[in-house]
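J.: Fold the following for me, if possible:
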Amino acid sequence: MEHYIIICNSTQHMLNADKILKQNDIKTELIPAPSEYGSVCSTAIKINAYNVDVAEKLLKDNSISLKGIYPYKIRKLEGLIDKINKDLNDDLKTVLKKVENGIELTEDDIVVILSSSGDKNLSSIFRAADEMRKSVVGDIVDIRAAIEFSNICRKNCFYCGLRRDNLSVERYRMDIDEIVQTAKELKKMGIRTVILQSGEDPWYTEDKIIEIIKKIKKETNMRITLSIGERNQEEYKHFREAGANNFLLKIETTNREIFKNIHPDDDFDYRVKCSEWLRENGYVNGNGNIIGLPGQTARDIAKDILFFKDMGIHMVGIGPFVPATGTPLETYPHGDVEMTLKTVAATRLVLKNVFIPATTALATVDKDAQVKALMAGANTIMLISTPSKYRSRYKIYSNKNMVDLQTAYRAVIKAGRKMPPYINLDYIKDSK
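T.: Numbering: from 1, shown residues only. Predicted structure coming up:
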């Protein structure tokens with residue numbers, strides 16, 4: 001079926017357009033804008049071709065500012081099969097042929113990718129994902145930096161070292177001026193996006209978070225990603241209005257039973273509703289999952305990937321489970337690096353034009369895994385930029401690898417990729 005995409009001139013016009021179309025019974029899908037029409041941060045409205053004329057008139061009558069309405073181009077990887085190993089199993093070869101021809105992958109197709117093994121099959125999967133990455137987002141690796149401003153959390157998740165009942169953690173909170181000053185230092189490094197990350201700490205009220213956002217915007221004009229957990233609809237709205245650009249709220253797993261088992265005080269439907277609110281408020285919407293949770297299957301992971309697609313997610317964080325001391329899962333083995341890399345690759349092949357980080361969790365389990373992820377579809381690295389006096393206390397899992405600018409630089413170069421031009425390379429020490 002043929003589709004078109006609507007690109008608006010602002011986030012607010014996009015949200016209003018989507019609302020108007022839905023009110024007039026036109027089915028819409030919010031997707032990351034294809035690279036030829038905007039950055040990964042932009043959102044497009046996808047509609048069926050037979051609704052184009054009606055949609056265009058509706059939007060014009062309602063004074064929606066449009067950049068344009070364009071045919072939705074199927075993303076093909078022509079010549080892919082000729083570039084990869086020919087000695088593949090038949091099922092995988094069929095799936096990669098679909099990728100070559102721009103045919104959307106099904107849940108069963110994703111399971112084939114995730115269930116594949118052997119060097120020839122895996123190298124072909126990673127090559128395909130890398131080709132897709134190069135086609136849609138290019139060779140530059142986006143570098144972002146996180147300030148972990150509080151390790152206090154009201155929740156009791158079984159896998160997380162910050163859980164409320166973990167008495168082995170020395171708790172801390174950064175004050176507002178400390179957070180802003182740290183962001184100013186990141187600005188000097190050239191960082192354009194700061195990630196404000198914490199446990200679900202009720203001390204940081206709506207007003208305090210808004211104050212932090214406004215001060216960072218005023219002092220640095222950086223893009224701001226919030227990763228502060230579940231809030232109510234009005235708070236998400238007010239944070240966005242204050243200047244927050246992005247929000248990262250991971251579902252962790254779409255298997256309701258597993259979700260319930262690892263989140264004793266969370267509700268699956270509310271978590272999904274939070275993601276919907278973030279989308280409706282025009283955030284660049286981040287999500288993600290954990291690979292290697294107890295009871296998780298390849299099909300569960302495939303469903304996760306399709307959930308991200310259906311939600312129009314812009315950034316997908318994929319990391320292996322890493323056990324944390326003082327949690328119910330502290331003796332459970334860490335997630336498999338190979339499965340995590342296959343998930344990164346499958347996510348790139350299915351979602352295409354999205355941010356996919358080479359996560360810190362991967363670097364914790366395997367020091368070379370960030371390089372491997374960059375060669376399997378990832379295009380982002382997040383630095384740990386929490387002040388040193390707090391850094392070791394943010395123990396979401398044990399033995400966390402502290403990724404700094406130098407570490408990121410080495411991974412980017414080793415993967416044959418490019419550092420972004422906005423980074424101040426003077427801050428990289430011993431880069432050779």
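J.: just the strands in the stretch 251-400 of the chain please.
T.: Counting by DSSP state E, counting those that start in this stretch, the stretch 251-400 of the chain has strands at residues 284-291, 315-320, 380-384.
J.: Report all helices and strands that the last one contacts.
T.: In this case it means strand 380-384. In this structure, strand 380-384 makes packing contacts with strand 142-150, helix 405-414, judged by 3 or more Cβ pairs under 8 Å, 6 or more residues apart in numbering; DSSP states H and E. (Each C-beta comes from the backbone N, C-alpha and C, glycine too.)
J.: show me what contacts the residue lying closest to Asp336 once chain neighbours are set aside?
T.: In this structure, Asp336 finds its nearest non-sequential neighbour in Gly292, 5.9 Å apart by Cβ to Cβ, 6 or more residues apart in numbering. Gly292 sits next to Pro320, Phe321, Pro333, His334, Gly335, Asp336, Met339, Thr340 when contact means Cβ atoms under 8 Å, 6 or more residues apart in numbering.
J.: Make a PyMOL selection of whichever of these turn out to be buried.
T.: Those of the contacts of Gly292 that count as buried under 16 or more other Cβ atoms under 10 Å are selected in PyMOL with:
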select buried, resi 320+321+334+335+339+340
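J.: I'd like the helices and strands packed on strand 380-384 laid out as TSV, including mean pLDDT, distance to Ile305 and mean neighbour count.
T.: Shown next, in TSV, are these (pLDDT from 0 to 100; distance: least, Cβ to Cβ, whole Å; neighbours: other Cβ atoms under 10 Å):
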stretch	mean pLDDT	distance to Ile305	mean neighbour count
strand 142-150	98	21	23
helix 405-414	96	24	19
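J.: Skipping adjacent residues, who's closest to Ser42 in space?
T.: Ala33 (3.7 Å).
J.: my read: the one you found touches Ala44, true?
T.: Yes. Contact criterion Cβ atoms under 8 Å: Ala33 and Ala44 qualify, at 4.3 Å.
J.: hmm, back to that, if I look at the residue nearest to Ser42, how far off is Tyr70?
T.: Distance of Ala33 to Tyr70, given as Cβ to Cβ, to the nearest Å: 10 Å.
J.: Who has more neighbours out of the two?
T.: Shown here are Ala33 and Tyr70; by other Cβ atoms under 10 Å, Ala33 has more neighbours (21 against 14).
J.: Among the strands of the stretch 251-400 of the chain, which comes closest to Asn151?
T.: strand 380-384 (13.0 Å; Cβ to Cβ).
J.: Going by neighbour count, which residues of the closest one are buried?
T.: Thr380, Ile381, Met382, Leu383, Ile384.
J.: Could you export it as CSV, CA atoms only?
T.: Extracted C-alpha coordinates of strand 380-384, given in CSV (Å, rounded to 0.1, in the frame of the first residue of the first chain):
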residue,chain,number,x,y,z
THR,A,380,25.5,7.3,19.4
ILE,A,381,27.7,7.2,22.5
MET,A,382,26.7,8.6,25.9
LEU,A,383,29.4,9.9,28.2
ILE,A,384,29.3,9.5,31.9
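J.: What is the distance between that strand and the centre of its chain?
T.: Distance, stretch centre to chain centre, for strand 380-384: 12 Å (Cα atoms, centre = their mean, to the nearest Å).
J.: quick one, what contacts Asp404?
T.: By Cβ under 8 Å, 6+ apart, the contact set of Asp404 is Leu383, Ile384, Ser385.
J.: excluding its backbone neighbours, what's nearest Met189?
T.: Leaving out its chain neighbours, the residue that sits closest to Met189 by Cβ to Cβ, 6+ apart is Tyr427, at 4.8 Å.
J.: where do the contact lists of Ala33 and Tyr70 overlap?
T.: Shared contacts of Ala33 and Tyr70, counting by Cβ under 8 Å, 6+ apart, come down to Ile5, Ile7.
J.: for the helices and strands packed on strand 380-384, which one sits closest to Leu186?
T.: Proximity to Leu186 (Cβ to Cβ) singles out strand 142-150 among the helices and strands packed on strand 380-384, at 4.9 Å.
J.: re earlier: any idea which of the contacts of Asp404 is the one closest to Tyr409?
T.: Closest to Tyr409, out of all of the contacts of Asp404 and judged by Cβ to Cβ, is Leu383, at 10.3 Å.
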